[in-house]
Structure formats: structure tokens, C-alpha cells
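Q: Could you look at this predicted model? Sequence included:
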Amino acid sequence: MKLKNWKELAIGSVVPEAGNADSYNTGSWRTFRPAIIEENCIQCLFCWIYCPDSSIIVEEEKMVGFDYEHCKGCGICADVCPGKKGKKAIEMAEEGK
Amino acid sequence: MGKLLAVTGNQAMAEAMRQINPDVCAAYPITPSTEVMQRFSSFVADGAVDTELVTVESEHSAMSACIGAAAAGGRVMTATSSQGLALMWEMLHIASGNRIPIVLTLVNRALSAPLNIHGDHSDSMGARDCGWIQIYSENGQEAYDNLIQAVRIAEHEDVRLPAMVCMDGFIISHSIESMEYLDDQVVRDFIGSFTPTYPLLDNDNPVTYGPLVLPDYFIEFKKAQHEATMAARDVTLEVAKDFAKISGRSYGLFEDYKLDDADIALVILNSAAGTAKDVVDEFRNKGIKAGILKPRLFRPFPYEEVGDALKNTKAVAVLDRSDSYGGFGPGYMEIASALMINSSRPILINKIYGLGGRDFFPEHAGAVLNELKEIAATGNVKTFKEYIGYRD
Ligand code: SF4
Ligand code: SF4
């Protein structure tokens, strides 16, 4: 990507495009990685509601996975996940293991 | 033609604010600037202005409120002094870095310790590097005129920076002088309406203020900030030209008083320049070519113009009402830089005077001028920097 020069930038470091964090990969900060265990998922979408980083991917009203470009691995989704019969549908595993 | 009145400096600033009718003002009291916001709050209470007045719990919050309101898209003003400005220090940088045009009345007062409430310039000089435009005023009239002009300078599209207008605590803020108020409509037509660059309240065009900027972009933003600050120099002159049309009073980047053919000169800010002018007149009557350069625009500092104005003098003393302990006074450092641009330059000495509101008397100016006369004749300098007007 070609970096802008000082004359091309918006005044006062204002970011004029809304939601452009989407194009910035912040997932590399993660030390724990969520993974889905599909057979335990009841599609309650608690994970989607609670994720502070909008990193739960939902398609046709169903939780289908994680946006690893932005997921920080905070584990909130795993914590709130009720799962099925006491078995969580999201598990956190250490990155790189 | 406006109205001729006898008022204090603070009263004049509150009156200018009433005429400017800002969208939002934040207020936290501190001597000697308290009266500015106190009087302005009466205008708010009386419905004389449309301003939303935010009373806050500290000056840090006052400046934060100003930044938020100005980012939202408002025309924003406040006033403070001394410790108040010091407590704002962190937010002063946020305002300038975010290119937010806030206009602040600074009633100059010494910084603690020891605790003191009287006028010196340690507060504004301490905030010299915060990225604010700084304009200094000799008396209430100049302060009033400068505050109105500061709105146009700060909001100018080439500038978009906060500006502080400085006047001396008590000596000006609490002294009654005769001065002229312009008509309300004349002031309002002069300042015009404010069109913010990126108002946060524009819901159709959402923007982010204050993002994290890493080494790949930080210096580009600072370069842009520097260029905008430098642009304030021309804008100040342009605004002054328009202001002369409505007021009959002309302002430049600095005031040169009998400087054209001067051999010796004083560089002196704010109220003490008035005292020094009388003494220069006395020297002129004795046939000694003395003059004064009174800086007005201190940030951005007009190095070239100041250097040119002083290049034909033989000896110059910069009188600073604040000090950089262990260094030269802040005014001296600027004048020394300004003199570097020409190969012919005077001998330059520095006097620190009037700290904590100690009176500056004509005999102080006279003694410095006599010393300059001696230096101009012999080339011998006793000492480059010294304090004057203290008990030895
Ligand atoms: S770990 Fe945190 S950031 Fe990642 S998907 Fe779960 S809740 Fe969102
Ligand atoms: S919270 Fe657990 S059970 Fe509910 S949708 Fe998310 S993964 Fe499935």
C-alpha cells in the first residue's frame, strides 16, 4: 500500500471513513484462539451479542465461525456460550500450539 | 463608530465574548481571569447570548469540554490563568494536534511556587510549544481587538488551530482604561459564521477524532500542523487589514515604536511596553535614538520580519517577564533566532524583570537603555543575562 504524504491526509488525524478498522488486521494480537464445536451449538447467538469486536460471523441467522482478522481472543464468547447439556460450543486454545 | 467606555481588561474580554456569541464556553474560575467568565455567565443567564455554558470541575475538564464541543462543530471559547493553563497543558496539545480552533483568553499570571496571583508570563511561555497561536496585548483595547481577530485567525481554513490571547494579570485585567467597543453587528459581520471541517454531529458523514497514529504517519501530521501554524502569520496580517477597516486601529505581527532609525532598542511584551514607550520618548528628546519592538504574534513567531526590523540597531535588550531557569528568557531565544537570518546584527542582551507582578518602573527601562547606549558605543557587554528590579 502506498502511504499518503502530509498534504493528502485529513486535517488533525481525523479518520473520515466510517468503520475503516474493518480493513485493518488486528487479529495478530491474539494469544488465545476460539474454535467452534458445532455439535454443541444451539444457535442462541449469545456469542454474537457479547463479542466486543464484532468477530462472530453470522450467515442466514446462524453462527458460522470467527473473523480471525479482528478477533482478539478475549474469550468472552466462550464464557457466555451455554452450549448443549453443559458442553460448551466454543473452546479457547493457545495460539501456535 | 463604536462606544467609548471606561472598563477593565476582563470586562472588555467578556464584552468581546458576548459580541462573538460562541456556541459553547467552559468555565472554571482562577484569579485573575475569573471575572471574564463570571461576567460572561451573566450574559448567559440574561439570555444576551445563545451560548451553552459548561461549568466544570477543573481546567483540565474545561479544555476537554472545549475540545469536545469544538470537534462537535461549535465555536468555542474559554478563559484561564496560570495554574489553570498549566492544568490544561495536556489538553492544549490535544486541541492543537486535532486542529481544533478554540479561542482562549489568557490573563497572564505567575506560576507557583511560591504561590503568587500577579502578572508575569511564565504561564503562556510555558505553553509556548503546545501548538497554539499566541497573541499578546499591551492593554484592554488591544486584548479586546485581538480576541475578536483571534476568532477569524483560528478558524481560517488554512489554519484551523486554537489561539490564546494574552494580557497582563491585574495590571490590565483589573485596571480601568478608556477604550472603544465596536458595534455588535459590526463584530458579528467581521467574524462571520463558523463552518467546521469535520463536525462530529454530522451524522451523515461520521468521522473518528483522535485515532492512534504510529510512526508511519505521525510526522506527516506534525508537518501539516507546523505548516498550518506558519500559515497563521499571513492570515494574521490579512485579518488585521480587515480589522483596521472596521475599527480604524491597525495591527501587525509586532509593533515597532520609533524603531526605524534606532541605534538601541528594547524588545518587550504586553503592558510594560507602554511604560517603556514613555522612557523611549525621553531618550529621543535627549537626542538618543532609542526604539521599541513589542511582539504581538508570538506563535508563529515572525522571525524574518523581526530580524529585519532589528538589523540596523547596534544594541538590543530583550526584557522577559518570565525565565527559562538556567537558560535565557523565552523572548531572548526568539529574538536571537530572528537575528541569525541577517549577517549584520546588534549585540543582544537579556533582562528578566517583573516576575510575580513586581512593578516595572520607567527607571528600569531607563537603566537598560543607558546600558545599551554604553554597549553600542564601546561594544563591551558586562553580562548577557541578568535579573533587574530585585533587592540585592
Ligand atoms: S474471543 Fe473475544 S473477540 Fe474473539 S470472537 Fe470471541 S468474544 Fe469475539
Ligand atoms: S453462544 Fe455458543 S451456542 Fe450460542 S450461538 Fe454462539 S457458539 Fe452457538
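A: Noted; the coordinates are in hand. Ligands and ions are numbered 1, 2, ... in the order given.

Q: How far away from the center of its chain is the helix or strand harbouring B:Gly291?
A: In this structure, B:Gly291 sits in strand B:290-295 according to DSSP states H and E. A distance of 16 Å separates the C-alpha centroid of strand B:290-295 from that of its chain, computed with Cα atoms, centre = their mean, to the nearest Å.

Q: Touching the following helix or strand past it from outside, list them.
A: With elements assigned by DSSP H and E, the helix or strand that comes after strand B:290-295 is strand B:297-299. Identification of contacts with strand B:297-299 by Cβ atoms under 8 Å, 6 or more residues apart in numbering or on different chains yields B:124, B:128, B:132-136, B:229, B:232-233, B:236, B:253-254, B:269, B:334. Every residue, glycine included, has its C-beta placed from N, CA and C.

Q: okay, now residue 55: neighbour count?
A: Chain wasn't specified; assuming chain A. 23 (other Cβ atoms under 10 Å in any protein chain shown).

Q: Switch to chain B, please.
A: By other Cβ under 10 Å, the residues close to B:Thr55 number 14.

Q: now B:Asn108
A: Other residues within reach of B:Asn108, judged by other Cβ under 10 Å, total 33.

Q: B:Met37 too?
A: Other residues near B:Met37 come to 28 when the count uses other Cβ under 10 Å.

Q: Same question for B:Gly248.
A: B:Gly248: 10 surrounding residues under other Cβ under 10 Å.

Q: likewise the one 5 residues further on?
A: B:Leu253 has 22 neighbours, counted by other Cβ under 10 Å.

Q: mind checking how far it is from ligand 2?
A: Look at B:Leu253 and ligand 2: by Cβ to the nearest ligand atom, to the nearest Å, they are 65 Å apart.

Q: Got the confidence number for residue 96?
A: No chain specified, so I'll use chain A. With respect to pLDDT, A:Gly96 scores 83.

Q: that's the wrong chain, I meant chain B
A: B:Ser96 is given a pLDDT of 98.

Q: try A:Gly19
A: The predicted local confidence for A:Gly19 is 84.

Q: now do B:Tyr181
A: At B:Tyr181, pLDDT is 97.

Q: ok, which stretches of the chain are helices?
A: If you meant another chain, say so; for now it's chain A. Secondary structure of chain A (DSSP state H): helices located at A:46-50, A:76-80.

Q: ah, I was thinking of chain B
A: Along chain B, counting by DSSP H, helices occupy B:9-20, B:34-45, B:59-72, B:82-97, B:122-126, B:140-155, B:184-191, B:218-247, B:271-285, B:303-310, B:330-339, B:362-378.

Q: A:Gly75 is nearest to which of the ones you listed?
A: For A:Gly75, the closest of the helices of chain B is helix B:218-247, at 32.8 Å, according to Cβ to Cβ.

Q: quick one: the closest one near chain A?
A: Yes: using Cβ under 8 Å from any Cβ of the partner chain, helix B:218-247 comes into contact with chain A via B:Glu220, B:Phe221, B:Lys223, B:Ala224, B:Glu227, B:Ala228.

Q: Report the contact partners of the nearest residue to the third one once chain neighbours are set aside.
A: Right, the one you point to is B:Lys223. Spatial nearest neighbour of B:Lys223, chain neighbours left out: A:Trp6 (4.4 Å); criterion: Cβ to Cβ, 6 or more residues apart in numbering or on different chains. By Cβ under 8 Å, 6+ apart, the contact set of A:Trp6 is B:Glu220, B:Phe221, B:Lys223, B:Ala224, B:Glu227.

Q: Tell me the spacing between the residue lying closest to the last one once chain neighbours are set aside and B:Ala48.
A: Read that as B:Glu227. Nearest non-adjacent residue to B:Glu227, counting by Cβ to Cβ, 6+ apart: A:Trp6, 7.7 Å away. In this view, A:Trp6 and B:Ala48 are 43 Å apart by Cβ to Cβ, to the nearest Å.

Q: Please apply the same query to B:Gln19.
A: B:Gln19 sits 10 Å away from B:Ala48, going by Cβ to Cβ.

Q: With B:Val235 instead?
A: Distance of B:Val235 to B:Ala48, given as Cβ to Cβ: 30 Å.

Q: Which one's more surrounded, those two?
A: The residue with more neighbours, out of B:Val235 and B:Ala48 and counting by other Cβ under 10 Å, is B:Val235; that gives 22 against 14.

Q: quick one: contacts for the closest residue to that one other than its chain neighbours?
A: In space, B:Val235 comes closest to B:His156 once its chain neighbours are excluded; the distance is 4.6 Å by Cβ to Cβ, 6+ apart. Contacts here follow Cβ under 8 Å, 6+ apart; on that basis B:His156 touches B:Ala231, B:Ala232, B:Val235, B:Val239.

Q: Am I right that the third one is in contact with B:Glu157?
A: Okay, so that is B:Val235. No: applying Cβ atoms under 8 Å as the test, B:Val235 and B:Glu157 come out as separate, 9.4 Å apart.

Q: which bits of chain A sit near ligand 1?
A: Counting by Cβ under 6 Å from any ligand atom, chain A comes close to ligand 1 at A:34, A:51, A:53, A:55-56, A:66, A:71-77.

Q: Only the buried subset of these, as a ChimeraX command please.
A: Filtering these down to the buried ones (16 or more other Cβ atoms under 10 Å in any protein chain shown) takes a single ChimeraX command:
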select /A:34,51,53,55,56,66,71,72,73,74,76,77
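
Q: Just put the residues of chain A next to ligand 1 in JSON lines and tack on pLDDT.
A: Below are these laid out as JSON lines (pLDDT from 0 to 100):
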{"residue": "A:Pro34", "pLDDT": "98"}
{"residue": "A:Cys51", "pLDDT": "98"}
{"residue": "A:Asp53", "pLDDT": "92"}
{"residue": "A:Ser55", "pLDDT": "97"}
{"residue": "A:Ile56", "pLDDT": "98"}
{"residue": "A:Phe66", "pLDDT": "98"}
{"residue": "A:Cys71", "pLDDT": "97"}
{"residue": "A:Lys72", "pLDDT": "96"}
{"residue": "A:Gly73", "pLDDT": "97"}
{"residue": "A:Cys74", "pLDDT": "97"}
{"residue": "A:Gly75", "pLDDT": "97"}
{"residue": "A:Ile76", "pLDDT": "98"}
{"residue": "A:Cys77", "pLDDT": "98"}
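
Q: Just the ones in strands from the residues of chain A next to ligand 1, please.
A: A:Pro34, A:Ile56, A:Phe66 (DSSP state E).

Q: correct me, but the first one touches A:Phe66?
A: Yes: with the criterion set as Cβ under 8 Å, A:Pro34 and A:Phe66 qualify as a contacting pair; they are 5.5 Å apart.

Q: Quick check: can you list the domain ranges of chain B?
A: For chain B, automatic domain parsing gives the domain ranges B:3-247, B:256-387.

Q: Relative to A:Ile11, which of these is closest?
A: Smallest distance to A:Ile11 across these (Cβ to Cβ): 4.8 Å, for domain B:3-247.

Q: would TSV of the helices of chain A with distance to chain B be doable?
A: Below are the helices of chain A laid out as TSV (distance: least, Cβ to the nearest Cβ, whole Å):
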stretch	distance to chain B
helix A:46-50	23
helix A:76-80	23
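
Q: Output those as a markdown table; include the columns distance to ligand 2.
A: Output for the helices of chain A, formatted as a markdown table (distance: least, Cβ to the nearest ligand atom, whole Å):
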| stretch | distance to ligand 2 |
| --- | --- |
| helix A:46-50 | 3 |
| helix A:76-80 | 6 |
